[in-house]
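J.: Could you work out the structure for the sequence below:
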Amino acid sequence: MPKPQTHTPIMGYLLWIFGFIGAHRFYYGKPISGTIYFFTLGLFLIGWLVDLFLIPSMNRDADIRFHDGEIDYNLAWVLLTFLGLFGIHRLYMGKWISGVIYLLTGGIFGLGYIYDFWTLNNQISLLNGGVRS
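T.: Numbers count the residues shown, from 1 in each chain. Below is the predicted model of the structure:
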């Protein structure tokens, strides 16, 4: 029986549109290269264009690394990307206390928002009952 998909190529390609700031790399659990892309505009747009062809392999790797479960990765990433400063993604994951704190402090003054870009996949994987690989 094939392992359920945690990440989708469609979401990867949608985030790739914003890939010059590293969005798709963060989505696929590559925070270091995502940060590098953020500060170099996708390695001067060249890496961003190359990633157009790398998304299928990044998607396969993410499906292997992260665990499927009740919390949907795609929805959590959309909530983080567009409403993260308000903690909506944390409320969705059942982290009510930190969600309210994010709501009242603008994602703990933006630092918690950045932290969640680095760690959201692992947070969801743990909540879904998996162990980080």
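J.: those helices in this structure, which residues are they?
T.: Here the chain has its helices, by DSSP state H, at 9-16, 23-27, 31-44, 46-65, 73-83, 88-92, 96-109, 111-127.
J.: looking just at contacts, which helices and strands does the lowest-mean-pLDDT helix or strand in the chain meet?
T.: Within the chain, confidence by mean pLDDT, DSSP states H and E is lowest for helix 31-44 among all helices and strands, at a mean of 92. Contacts defined by 3 or more CB pairs under 8 Å, 6 or more residues apart in numbering; DSSP states H and E place helix 31-44 against helix 23-27, helix 46-65, helix 111-127. Heads up, the C-betas are built off the backbone N, CA and C, glycines and all.
J.: In contact with the nearest residue to Tyr113 once chain neighbours are set aside, which residues?
T.: Excluding its sequence neighbours, the residue lying closest to Tyr113 (CB to CB, 6 or more residues apart in numbering) is Gly107, at 3.6 Å. Gly107 makes contacts with Gly84, Leu85, Phe86, Gly87, Tyr113, Asp116, as judged by CB atoms under 8 Å, 6 or more residues apart in numbering.
J.: Run through who's touching stretch 30-44.
T.: Here stretch 30-44 has contacts from 19-23, 25-26, 47-49, 51, 58, 117-119, using CB under 8 Å, 6+ apart.
J.: If you count neighbours, what's buried in stretch 45-59?
T.: Neighbour-count burial for stretch 45-59 flags Gly47, Trp48, Asp51, Leu54, Ile55, Met58, Asn59 (criterion: 16 or more other CB atoms under 10 Å).
J.: Nearest to Thr6 among these?
T.: Closest approach to Thr6 among the buried residues of stretch 45-59 (CB to CB): Asn59, at 9.3 Å.
J.: Just want the most central residue of this structure.
T.: Tyr27 (3.2 Å; CA atoms, centre = their mean).
J.: Closest one to Val78 out of the contacts of stretch 30-44, please.
T.: Nearest to Val78 among those, with distances taken as CB to CB, is Ala23, at 11.1 Å.
J.: Thanks a lot, see you next time.
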